[in-house]
Structures are given as structure tokens and as C-alpha cells.
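Visitor: This is a predicted model, with the sequence first.
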Amino acid sequence: MVNLILAYSLWGPKGELDPGEPTARSQLVQLRTRLDERGLILPNAVTLPTTPHPMRFLRVEFRPNPTKAPPVDEPSEGAPAASRLRSRYDAAARETVLEPVDGAGGTPVDLSDRLLLRQVAEDFLRANGLFPHDVQLSGIFLRENGAMVEFVPTYDGLPVFSGYLRVYLSPQGVERVAHHWVEPVGFKPGAPKAVRAASEALLRLAGHLEPGDGQVRTIVDVRLGYYSGPSVTVPGAEEISAWETVPVWRITLDNGQVYYVNAFNGELES
């Protein structure tokens, strides 16, 4: 895991912005101004979550290839082709990939309709017994000639971004599902730690992006959850990996880039 430590000195002697809650209108205006100076736009439509009470590390487990595709039989008359899947395990990405045997199929998709994209993805997962309990929509991301709908596990009401279930779609329907699922197993014992405000996470990210290329980026989502990348995992018995995730602010930009800022120390997680 690579941590990029960004010091407060990045913000220069332009007046002190309270890194806590920007509750006053003037503070929010100041925050937007600071971000704008570094090419990062915070639209009025994006509401910053309030800072939660102190939190703990969350332990998770990963088991390779947890999903087995249903057997490929000749479908009965009227049976949907989407129920016929083939499965392979991508060891490099640590993903189980499931694909319709007959290629992309099912419901044709209007890629501009986000509600339809989510519905088609959920319907496909449910029809094939792939939709876990306690999941949350993580996001819908457009890509070249398609889209990706991502679901993540949850624990205590918060998303756990270390695991995912990604449904890739084209205008013809579902192309494949990528499955890297983790199971939350409980909080690490010990006293909870204070969480930094979302406004500070945005400033830290702005400092990281500052060397930029003149491009202006727009923030489309700021969300609290848990995350630690797979690079921190340590294989255990029977190829099970277990590790601790940290509370993070996940920041999504309009170009599809996603960043995780450690909510305990303000460092960028990778």
C-alpha cells in the first residue's frame, strides 16, 4: 500500500480554513474557492456528509473463486440465455469472471439511462443467484461503448469498498460480471479513533492533484466507507486472506477516477 502524505502547508498563507465541518455558508464558499484554485470543482448539488462519531478498523476476509457458475445445460424453451454462464478465475486481478456463454445478451440497454442500467444489472445478478445480501450500489461508471455498475458489501450500514461485484454492460446487454468479494467479520478491538472531516479529505486530494495539466475536474460523489487495497492482504490457510480496512472518504470525479482518503490520518490510500 502506498500512502501519499500531504502536509497542511500545501494550502499556503491565504487564511486559515477550519478543516472541520464547513457548516457556515462562508466556510463552504471558502472551501469551494480553495478547491477551485486547484482545478477541483465542488458543485452545489454535492452535499458533504457530516463527520461521524469515532470509528474503528474493520476486519475483512477474502476467499478466492467463491462463486461457481451454474452448469451449462441446454436451456428449456423460453429460458433466458443470461442464465447460461461460464466462469474463470483471474489470479492476477483476484477476480472471478462470469460471462454469458452466448455473448452479451438479455435486455438491450440505453447507456444514458442510469436507472435502467442499475435495474438490468440487478435483474441479471438475481436471475443467476449472484446477488449477495447486505450490498449497496457503489456507483455507475460510463466507459467506452458501455457502462459498469458496481455493488459493494456493507457493514453496520457503511459500504466496504475493498470488495466489489461489477456488472459490465454494452448496448446489447450484460457482457460479464467481475466478482472480488470480501466478507466483513467485525471491528478490531480497541478504542475508536476520531475521524477527520470530508472537507479536509477534499483539500488533501486537491493538494495531490495540484501539479495538474490545466484540466478542471468536478467532484460527483463524496462517501464514507471502509477500504484497504488488496496489496495489503496476507495469504492464510486455504488461500484465505484477512486484513484490516480503515475508514475512508471515497471521492469520485467526473472523469471516473476514484480516490480514497484515510479518514484517520488524511493520507491517500491506493
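Guide: Yes, it's here.

Visitor: Tell me how far the residue nearest to D254 when sequence neighbours are not counted lies from T252.
Guide: Excluding the flanking residues, the one nearest D254 by CB to CB, 6 or more residues apart in numbering is T218, at 4.2 Å. Yep, even glycine has a C-beta here, placed from its N, CA and C like the rest. Distance, T218 to T252, using CB to CB, to the nearest Å: 10 Å.

Visitor: G256 versus the residue nearest to D254, what's the distance?
Guide: Counting by CB to CB - T218 and G256 are separated by 12 Å.

Visitor: Could you work out the end-to-end span of stretch 130-140 for me?
Guide: End-to-end span of stretch 130-140 (CA to CA, to the nearest Å): 18 Å.

Visitor: Can you give me the buried ones in it?
Guide: Neighbour-count burial for stretch 130-140, counted by 16 or more other CB atoms under 10 Å, picks out 130, 132, 135-136, 138-140.

Visitor: Show me those residues that map onto strands.
Guide: Using DSSP state E, the subset of these located in strands is 135-136, 138-140.

Visitor: which one of those residues is nearest N265?
Guide: For these, the residue nearest N265 by CB to CB is S138; the value is 23.5 Å.

Visitor: And the closest one, how close does it get to Q172?
Guide: S138 is 24 Å from Q172, where distance means CB to CB.

Visitor: Check D123 too.
Guide: Using CB to CB, D123 is found at 15 Å from Q172.

Visitor: By pLDDT, give me the weakest of the buried residues of stretch 130-140.
Guide: Within these, pLDDT reaches its minimum at P132, with 89.

Visitor: Let me see the contact set for that residue.
Guide: Residues in contact with P132 (CB atoms under 8 Å, 6 or more residues apart in numbering) are 153, 165, 181.

Visitor: who wins for neighbours among those residues?
Guide: Comparing the contacts of P132 by number of neighbours (other CB atoms under 10 Å), P153 comes first, having 25 neighbours.

Visitor: wait, isn't it in contact with W181?
Guide: Yes: counting by CB atoms under 8 Å, P153 touches W181, with 6.8 Å between them.

Visitor: what residues are shared contacts of those two?
Guide: Common neighbours of P153 and W181, using CB under 8 Å, 6+ apart, are 132, 163.

Visitor: Remind me what the host helix or strand of E183 packs against, helices and strands.
Guide: Secondary structure assignment for E183, by DSSP states H and E: strand 182-187. Judged by 3 or more CB pairs under 8 Å, 6 or more residues apart in numbering; DSSP states H and E, strand 182-187 is in contact with strand 58-62, strand 146-155.

Visitor: where do the strands sit along the protein?
Guide: Along the chain, counting by DSSP E, strands occupy 40-41, 58-62, 85-90, 95-100, 135-143, 146-155, 158-159, 164-170, 173-180, 182-187, 217-227, 241-253, 258-262, 268-269.

Visitor: Given the fifth one, what are its sheet partners and their directions?
Guide: If I follow you right, that is strand 135-143. strand 146-155 (antiparallel) (DSSP bridges).

Visitor: What residues of stretch 93-103 count as buried?
Guide: Neighbour-count burial for stretch 93-103, counted by 16+ other CB under 10 Å, picks out 95-100.

Visitor: domains for the protein, by residue range?
Guide: The record assigns the chain these domain ranges, following automatic domain parsing: 25-57+188-269, 60-69+80-183.

Visitor: and the end-to-end length of the shortest one?
Guide: Counting by CA to CA, you get 5 Å between the two ends of domain 60-69+80-183.

Visitor: i'd like the first residue to be 8 from this point on
Guide: Sure, I'll start numbering at 8, so the last one becomes domain 67-76+87-190.

Visitor: For that domain, what is the distance to the chain centroid?
Guide: Centroid separation for domain 67-76+87-190 versus its chain: 13 Å, with CA atoms, centre = their mean, to the nearest Å.
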